[in-house]
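*Asks:* After the sequence you'll find the predicted model.
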Amino acid sequence: MALLKIVEYPNEVLESPCEKVTSFDKNLVKLLNNMYETMLAADGVGLAAPQVGILQQVAVVDVEDENGRIDLINPIVMETKGEQTDVEGCLSFPNLYGDVTRPSYAKIKAQNKRGKYFIIEARGFLARALLHEIDHLNGVLFTSKVSKYYEESELEG
(Lines give C-alpha, C1' and ligand atoms only; values in the text may rest on other atoms or scores of the structure.)
Protein backbone atom coordinates (compact mmCIF):
# COMPACT_ATOMS: atom_id res chain seq x y z
CA MET A 1 0.00 0.00 0.00
CA ALA A 2 1.07 3.57 -0.58
CA LEU A 3 0.51 6.82 1.24
CA LEU A 4 -1.23 9.39 -0.94
CA LYS A 5 -0.65 13.14 -0.92
CA ILE A 6 -3.47 14.94 0.87
CA VAL A 7 -4.74 17.92 -1.10
CA GLU A 8 -4.90 21.08 1.01
CA TYR A 9 -7.14 24.10 0.64
CA PRO A 10 -7.20 26.14 -1.56
CA ASN A 11 -7.45 23.63 -4.40
CA GLU A 12 -10.44 23.58 -6.73
CA VAL A 13 -10.66 19.77 -6.58
CA LEU A 14 -11.90 20.14 -2.98
CA GLU A 15 -14.93 22.13 -4.09
CA SER A 16 -15.82 20.00 -7.11
CA PRO A 17 -18.67 17.48 -7.08
CA CYS A 18 -17.51 13.90 -7.65
CA GLU A 19 -18.47 11.39 -10.31
CA LYS A 20 -20.32 8.18 -9.43
CA VAL A 21 -18.19 5.05 -9.32
CA THR A 22 -19.23 2.58 -12.03
CA SER A 23 -16.25 0.21 -12.03
CA PHE A 24 -15.82 -2.00 -8.97
CA ASP A 25 -12.41 -3.47 -9.72
CA LYS A 26 -8.96 -3.97 -8.22
CA ASN A 27 -8.11 -0.31 -8.86
CA LEU A 28 -10.99 0.72 -6.58
CA VAL A 29 -9.86 -1.70 -3.87
CA LYS A 30 -6.30 -0.33 -4.16
CA LEU A 31 -7.59 3.25 -3.91
CA LEU A 32 -9.65 2.41 -0.80
CA ASN A 33 -6.71 0.67 0.88
CA ASN A 34 -4.31 3.51 0.06
CA MET A 35 -6.84 6.10 1.28
CA TYR A 36 -7.29 4.17 4.53
CA GLU A 37 -3.53 3.96 5.14
CA THR A 38 -3.17 7.67 4.32
CA MET A 39 -6.01 8.57 6.72
CA LEU A 40 -4.46 6.55 9.56
CA ALA A 41 -0.98 8.01 8.93
CA ALA A 42 -2.48 11.52 9.09
CA ASP A 43 -4.34 10.68 12.34
CA GLY A 44 -7.72 11.24 10.70
CA VAL A 45 -11.08 9.52 11.12
CA GLY A 46 -12.23 9.99 7.52
CA LEU A 47 -10.87 10.70 4.07
CA ALA A 48 -12.70 11.38 0.81
CA ALA A 49 -11.29 10.80 -2.68
CA PRO A 50 -11.17 14.51 -3.62
CA GLN A 51 -8.81 14.99 -0.66
CA VAL A 52 -6.31 12.88 -2.58
CA GLY A 53 -7.09 14.54 -5.91
CA ILE A 54 -9.60 12.00 -7.24
CA LEU A 55 -13.08 13.19 -8.22
CA GLN A 56 -14.94 9.97 -7.48
CA GLN A 57 -17.63 9.23 -4.88
CA VAL A 58 -15.33 7.24 -2.60
CA ALA A 59 -14.64 7.76 1.09
CA VAL A 60 -13.31 5.81 4.06
CA VAL A 61 -14.29 6.39 7.69
CA ASP A 62 -13.05 4.77 10.90
CA VAL A 63 -13.96 6.40 14.21
CA GLU A 64 -12.50 3.42 16.12
CA ASP A 65 -15.86 2.03 17.21
CA GLU A 66 -17.48 -1.37 16.70
CA ASN A 67 -18.09 -0.58 13.02
CA GLY A 68 -14.37 -0.42 12.24
CA ARG A 69 -13.43 0.68 8.74
CA ILE A 70 -16.35 1.79 6.61
CA ASP A 71 -15.86 2.09 2.85
CA LEU A 72 -18.44 4.39 1.28
CA ILE A 73 -18.95 4.31 -2.46
CA ASN A 74 -21.69 6.40 -4.11
CA PRO A 75 -23.26 7.24 -0.71
CA ILE A 76 -26.74 8.71 -0.45
CA VAL A 77 -28.10 10.31 2.72
CA MET A 78 -31.56 8.79 3.12
CA GLU A 79 -32.59 10.38 6.41
CA THR A 80 -31.26 12.65 9.13
CA LYS A 81 -32.64 13.63 12.53
CA GLY A 82 -31.69 15.72 15.49
CA GLU A 83 -28.85 18.15 15.89
CA GLN A 84 -25.39 18.17 17.43
CA THR A 85 -22.72 20.84 17.53
CA ASP A 86 -19.09 19.94 18.07
CA VAL A 87 -15.58 20.84 16.98
CA GLU A 88 -14.51 19.53 13.58
CA GLY A 89 -11.24 19.57 11.73
CA CYS A 90 -10.26 18.38 8.28
CA LEU A 91 -7.08 16.85 6.88
CA SER A 92 -7.29 19.31 3.97
CA PHE A 93 -7.24 22.25 6.45
CA PRO A 94 -4.28 21.58 8.75
CA ASN A 95 -4.55 23.23 12.18
CA LEU A 96 -8.01 24.68 11.46
CA TYR A 97 -10.90 23.73 13.72
CA GLY A 98 -14.41 25.01 14.24
CA ASP A 99 -17.83 24.33 15.70
CA VAL A 100 -20.10 22.66 13.16
CA THR A 101 -23.76 21.75 13.65
CA ARG A 102 -24.82 18.53 11.95
CA PRO A 103 -27.62 15.99 12.39
CA SER A 104 -27.14 13.66 15.36
CA TYR A 105 -28.52 10.71 13.35
CA ALA A 106 -27.98 9.73 9.74
CA LYS A 107 -29.21 6.82 7.66
CA ILE A 108 -26.96 6.32 4.65
CA LYS A 109 -27.15 3.97 1.69
CA ALA A 110 -23.88 3.22 -0.07
CA GLN A 111 -22.03 0.54 -1.96
CA ASN A 112 -19.07 -1.50 -0.78
CA LYS A 113 -15.93 -2.27 -2.80
CA ARG A 114 -17.76 -5.08 -4.62
CA GLY A 115 -20.70 -2.83 -5.57
CA LYS A 116 -23.09 -4.40 -3.05
CA TYR A 117 -25.51 -1.93 -1.46
CA PHE A 118 -25.70 -1.56 2.30
CA ILE A 119 -27.41 0.78 4.75
CA ILE A 120 -25.74 2.17 7.83
CA GLU A 121 -27.50 4.01 10.63
CA ALA A 122 -25.16 6.23 12.59
CA ARG A 123 -25.44 8.45 15.63
CA GLY A 124 -23.20 10.97 17.32
CA PHE A 125 -19.57 11.12 16.24
CA LEU A 126 -19.95 8.45 13.54
CA ALA A 127 -22.87 10.33 11.97
CA ARG A 128 -20.75 13.51 12.02
CA ALA A 129 -17.78 11.78 10.38
CA LEU A 130 -19.86 10.12 7.65
CA LEU A 131 -21.71 13.35 6.82
CA HIS A 132 -18.43 15.33 6.74
CA GLU A 133 -16.98 12.91 4.17
CA ILE A 134 -20.19 12.81 2.09
CA ASP A 135 -20.06 16.63 2.01
CA HIS A 136 -16.58 16.34 0.45
CA LEU A 137 -18.01 14.17 -2.33
CA ASN A 138 -20.45 16.97 -3.13
CA GLY A 139 -17.77 19.68 -3.09
CA VAL A 140 -18.95 21.05 0.28
CA LEU A 141 -16.27 22.01 2.81
CA PHE A 142 -16.75 22.04 6.57
CA THR A 143 -15.63 25.67 6.62
CA SER A 144 -18.95 26.61 5.00
CA LYS A 145 -20.70 25.31 8.14
CA VAL A 146 -18.44 26.63 10.91
CA SER A 147 -20.09 28.88 13.49
CA LYS A 148 -16.91 29.56 15.52
CA TYR A 149 -13.23 28.90 14.77
CA TYR A 150 -10.59 27.71 17.25
CA GLU A 151 -6.82 27.75 17.35
CA GLU A 152 -5.24 24.36 17.97
CA SER A 153 -3.88 25.65 21.30
CA GLU A 154 -7.45 26.33 22.49
CA LEU A 155 -8.37 22.66 21.99
CA GLU A 156 -5.46 21.12 23.90
CA GLY A 157 -5.92 20.03 27.44
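*Replies:* Structure's in. What do you need?

*Asks:* can we go C-alpha only for contacts and neighbour counts from here?
*Replies:* OK.

*Asks:* so after the longest helix seen in the chain, what's the next helix or strand?
*Replies:* In terms of residue count, the longest helix belonging to the chain (DSSP state H) is helix 26-41. The helix or strand immediately downstream of helix 26-41 is strand 46-48, counting by DSSP states H and E.

*Asks:* thinking residue 38 is in contact with residue 3, fair?
*Replies:* Yes: using C-alpha atoms under 8 Å, residue 38 is in contact with residue 3, at 4.9 Å.

*Asks:* So for those two, which sits in the more crowded spot?
*Replies:* residue 38 (21 against 16; other C-alpha atoms under 10 Å).

*Asks:* how far away is the more buried one from residue 153?
*Replies:* Applying C-alpha to C-alpha, to the nearest Å, the value for residue 38 to residue 153 is 25 Å.

*Asks:* same question, residue 120
*Replies:* From residue 120 to residue 153 the distance is 35 Å (C-alpha to C-alpha).

*Asks:* The two - which one has more neighbours?
*Replies:* residue 120 (15 against 8).

*Asks:* Can you get me a residue count around residue 9?
*Replies:* If you count neighbours by other C-alpha under 10 Å, residue 9 ends up with 15.

*Asks:* now do residue 132
*Replies:* 23.

*Asks:* pLDDT score assigned to it?
*Replies:* Residue-level confidence at residue 132 comes out at 98, pLDDT.

*Asks:* What lies in contact with whichever strand or helix holds it?
*Replies:* If you go by DSSP H and E, residue 132 is part of helix 124-137. With contact meaning C-alpha atoms under 8 Å, 6 or more residues apart in numbering, helix 124-137 is reached by 14-18, 45-51, 55-61, 63, 75, 84, 102-106, 121, 141-142.

*Asks:* from those, which ones fall inside helices?
*Replies:* Going by DSSP H, the helices hold none of the contacts of helix 124-137.

*Asks:* right, and residue 123 touches residue 105 too?
*Replies:* Yes: taking C-alpha under 8 Å as the definition, residue 123 is a contact partner of residue 105 at 4.4 Å.

*Asks:* neighbour count winner among the two?
*Replies:* Taking neighbours as other C-alpha under 10 Å, residue 123 and residue 105 compare with residue 105 leading, 21 against 18.
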